[in-house]
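In: how would this look folded up:
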Amino acid sequence: MGIAAIVFLEAEMKPGIEIVMQAVKLEEAVKEASLVITGEGRIDSQTAGGKAPIGVASVAKRHHVPVIGIAGVLGDDVEVVHPPRY
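Out: Next comes the predicted model:
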């Protein structure tokens, strides 16, 4: 169905997080923040593919606001999201 909408209705695909960030006016909220806290149940390589914590962190980074990510579980491949600094 998605491809039909793209072909026949000239629709475009967008990551869901972009739509949510626009709807809740995240950009404006982050501009006024001194710290952003975000999270999800599991942070792993799939998180880097555009899930909510990455979208939120990218907005915070643009405004030089520090971010704390909270996760129920850190996946074995969490370094994909945030490489360790040694």
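
In: got the phi/psi numbers for the residue nearest to the spatial centre of the chain?
Out: Nearest to the mean C-alpha position of the chain, by Cα atoms, centre = their mean, lies residue 55 at 2.1 Å. Main-chain torsions, residue 55, degrees, to the nearest 10: phi -60, psi -50.

In: can you give me the neighbour number for the nearest residue to it once chain neighbours are set aside?
Out: Leaving aside its chain neighbours, residue 55 sits nearest to residue 17 (3.7 Å; criterion: Cβ to Cβ, 6 or more residues apart in numbering). In short, each C-beta sits where N, CA and C put it, glycine included. Using other Cβ atoms under 10 Å, the number of residues around residue 17 comes to 18.

In: the helix or strand hosting residue 17 packs against which elements?
Out: Residue 17 is located in helix 16-23, with elements delineated by DSSP states H and E. On a contact count with 3 or more Cβ pairs under 8 Å, 6 or more residues apart in numbering; DSSP states H and E, helix 16-23 meets helix 52-62.

In: helix or strand with the lowest mean pLDDT in this structure?
Out: helix 2-9 (a mean of 77; mean pLDDT, DSSP states H and E).
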